[in-house]
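Participant: Okay, structure incoming, though there's no sequence with it:
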């Protein structure tokens, strides 16, 4: 961040925040086709278990390339998955946004995500640290990597019918 | 509760064996649950861990035997001990690290220190207990522990038969077959998915031997597969598989008979979805026969072997249930791989596991949903039985016990028969 002026840094944070909030809004609205469009083709959506960072060589909750993301959304949308027809309803906030690094067209961002789900009138709450790698393109930011580390990811969770 | 005076003396009403009907209380009576924890989980062999989860001297992992929290640990000589995670002084847990390596366990409250074998080694200011204080009588409460093929079981019951007798020859044969998915390497636990579900533990016990639900609950998973793999999972329509009662509550559900023995027919064509992996292994210099063996093993075995009361060897992973309360059960799906095997093969196994299993899988969330729906449904129609009679009409004698159609509820009947025997 040292090479950026305070004004540039403030403008970047505002742009990044707007993008992350837009993404959060799409996920709460289950606007999954629009969400898929936010990604780079070689982007990875990952929910690891525990602290490890060698995602390819460890067991994760999910480790999605473009095909797995499309299949996952297809499963949500086809109407044959009882857990996602209907899914739990979610309300989330993304906050405590920190820009770690901006080099070339890649921006590394950390944030906190709080999510409450409701199904059968039973509410559950989840929290996670999220690390994004955004790619600046002519069409605006794209998601290039998103790593969601849930609290207690290596402990007992529930099953999820939505995305973090 | 006194075990001499069972409250549930009418076991025939709880499980009507002749008609294979289960009473609704079986899923929702807290007193019955308490009795099950005593009469089933404290009196039989319960699976606690796989040896690869604590491979070294001093390695340990936390687990449960029924409701009781236990530590599973390997001592300096490599001997495995399972002991209750409770200080003998004032009951504090002596370990809250899920998994790790240590030289001893020390109670955080007053500093009582225990060896890896559970023996009380030292305590601060012992003088105030007097001269006749016997440290040997104050070790951690230990369970009888035995292993088969790396599967560690423990029991509070000192009088029970040896583990391999409890399993029986057919179960051991199926375990041996299941472990062939190491592809020539030892089977290793690569990680686990964990989720808790608002359901009675027996809903889970039933499910691991329930092929009938697969095309319904897992339609969305099946749709995400390529044609040949989808075809392979079409085991209900093909109807060539079977479910067999293997005695002592255990059963096997043979879904894909051609994958019963992963070392048979290795000359068969490699399925398209494994072709890329096969080429990668060839490029790494593995000889063709080993490539075929590894690639065959990557997809897992063709059956679920269900052991009463808490573990299933399920196609390619271990499924472990831990009862929490009458309406809550913890589930672990342990991913398996090849110890020292090719990285590409282990990566593929983990990706296949992530695809179906766990909180974000394409399969488990739908399972969890229907299990919860069972628990919710039992709130109504208390007098209605739960039916596990499917396939009674055309059951035939198998090798070890009755054998039914692949979609038969033979395995559930095996489990409930054992349940009834243990609750008597």
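Facilitator: Good, I have the coordinates. Because the structure is predicted, anything quoted here is derived from the model rather than measured.

Participant: out of everything not next to it in sequence, what's closest to whatever residue of chain A ends up closest to chain B?
Facilitator: Nearest residue of chain A to chain B: residue A:59, at 2.9 Å (CB to the nearest CB). Just so you know, the C-beta spots here come from the backbone N, C-alpha and C atoms, and that holds for glycine as well. Nearest non-adjacent residue to residue A:59, counting by CB to CB, 6 or more residues apart in numbering or on different chains: residue B:191, 2.9 Å away.

Participant: Give me the residues contacting the top helix by length along chain A.
Facilitator: Longest helix in chain A, counting residues (DSSP state H): helix A:6-28. With CB atoms under 8 Å, 6 or more residues apart in numbering or on different chains as the test, helix A:6-28 has contacts from A:1, A:4, A:32, A:34-35, A:38, A:90-94, A:97, A:99, A:102, A:107, A:109, A:111, A:113, A:132, A:134, A:140-141, A:143, A:162-164.

Participant: How about the contacts made by residue A:34?
Facilitator: residue A:26.

Participant: ranges for the strands of the stretch 201-350 of chain B?
Facilitator: B:242-247, B:250-254, B:303-307, B:311-314, B:317-325, B:328-338 (DSSP state E, counting those that start in this stretch).

Participant: what lines up beside the first one in the sheet?
Facilitator: Going back to what we said before, that points to strand B:242-247. Paired strands of strand B:242-247, with direction, are strand B:250-254 (antiparallel), strand B:402-405 (antiparallel) (DSSP bridges).

Participant: what stretches of chain A score poorly on pLDDT?
Facilitator: For chain A, applying pLDDT under 70 flags the ranges A:1-3.

Participant: Residue of the stretch 101-250 of chain B closest to chain A, please.
Facilitator: residue B:191 (2.9 Å).

Participant: thought that residue was touching residue A:55?
Facilitator: No - using CB atoms under 8 Å, residue B:191 makes no contact with residue A:55, being 11.7 Å away.

Participant: Tell me the residues of chain A that contact chain B?
Facilitator: Contact residues (CB under 8 Å from any CB of the partner chain) of chain A with chain B: A:47, A:49, A:56-63, A:68, A:71-72, A:74-75, A:78, A:80-84, A:120, A:154-161.

Participant: Could you measure from the residue of chain A closest to chain B over to residue B:419?
Facilitator: Look at residue A:59 and residue B:419: by CB to CB, to the nearest Å, they are 32 Å apart.

Participant: Let me see the ranges of the helices in chain A.
Facilitator: Under DSSP H, chain A gives helices at A:6-28, A:32-37, A:66-78.

Participant: now swap in the stretch 201-350 of chain B and tell me
Facilitator: Along the stretch 201-350 of chain B, counting by DSSP state H, counting those that start in this stretch, helices occupy B:201-207, B:214-217, B:219-222, B:227-232, B:235-238, B:272-283, B:288-298, B:343-356.

Participant: least reliable of these going by mean pLDDT?
Facilitator: Among these, helix B:235-238 carries the lowest mean pLDDT, at a mean of 82.

Participant: Can you tell me what sits against that one?
Facilitator: By CB under 8 Å, 6+ apart, helix B:235-238 touches B:211, B:212, B:214, B:215, B:241, B:255, B:256, B:406, B:407.

Participant: Check stretch B:317-324 too.
Facilitator: Contacts of stretch B:317-324 (CB under 8 Å, 6+ apart): B:33, B:36-37, B:41, B:47, B:50, B:64, B:66-67, B:189, B:196, B:201, B:204-205, B:208, B:300, B:310-312, B:329-336, B:353, B:357.

Participant: 7 Å instead, please
Facilitator: Identification of contacts with stretch B:317-324 by CB atoms under 7 Å, 6 or more residues apart in numbering or on different chains yields B:37, B:47, B:50, B:64, B:66-67, B:196, B:201, B:204-205, B:208, B:310-312, B:329-336, B:353, B:357.

Participant: got any ranges where chain B has weak pLDDT?
Facilitator: Low-confidence segments of chain B, defined by pLDDT under 70: B:1-9.

Participant: So which bits of it are right by chain A?
Facilitator: B:98, B:190-191, B:193-196, B:217, B:219-220, B:223-224, B:330, B:335, B:343, B:347, B:350-351, B:353-354, B:358-360, B:362, B:364-366, B:368-370 (CB under 7 Å from any CB of the partner chain).

Participant: follow-up on the earlier one: drop anything exposed from the contacts of stretch B:317-324.
Facilitator: B:37, B:47, B:50, B:64, B:66, B:196, B:201, B:204-205, B:208, B:310-312, B:329-336, B:353, B:357 (16 or more other CB atoms under 10 Å in any protein chain shown).

Participant: ok, back up a step: any quick PyMOL command for the buried ones out of the contacts of helix A:6-28?
Facilitator: Only the buried members of these enter the following PyMOL selection, criterion being 16+ other CB under 10 Å:
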select buried, chain A and resi 32+35+38+90+92+94+97+99+102+107+109+111+113+132+134+141+143+162+163+164
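
Participant: Which ones among the contacts of helix A:6-28 map onto strands?
Facilitator: A:90-94, A:97, A:99, A:102, A:107, A:109, A:111, A:113, A:132, A:134, A:140-141, A:143 (DSSP state E).

Participant: okay, now the closest residue to chain A within the stretch 1-150 of chain B: neighbour count?
Facilitator: Closest residue of the stretch 1-150 of chain B to chain A, CB to the nearest CB: residue B:98 (6.9 Å). By the criterion of other CB atoms under 10 Å in any protein chain shown, residue B:98 has 12 neighbours.

Participant: Same check on the one 10 residues further on?
Facilitator: Applying other CB under 10 Å, we find 12 residues neighbouring residue B:108.

Participant: Wait, it touches residue B:92, no?
Facilitator: Yes - contact criterion CB atoms under 7 Å: residue B:108 and residue B:92 qualify, at 6.3 Å.

Participant: Thank you, goodbye.
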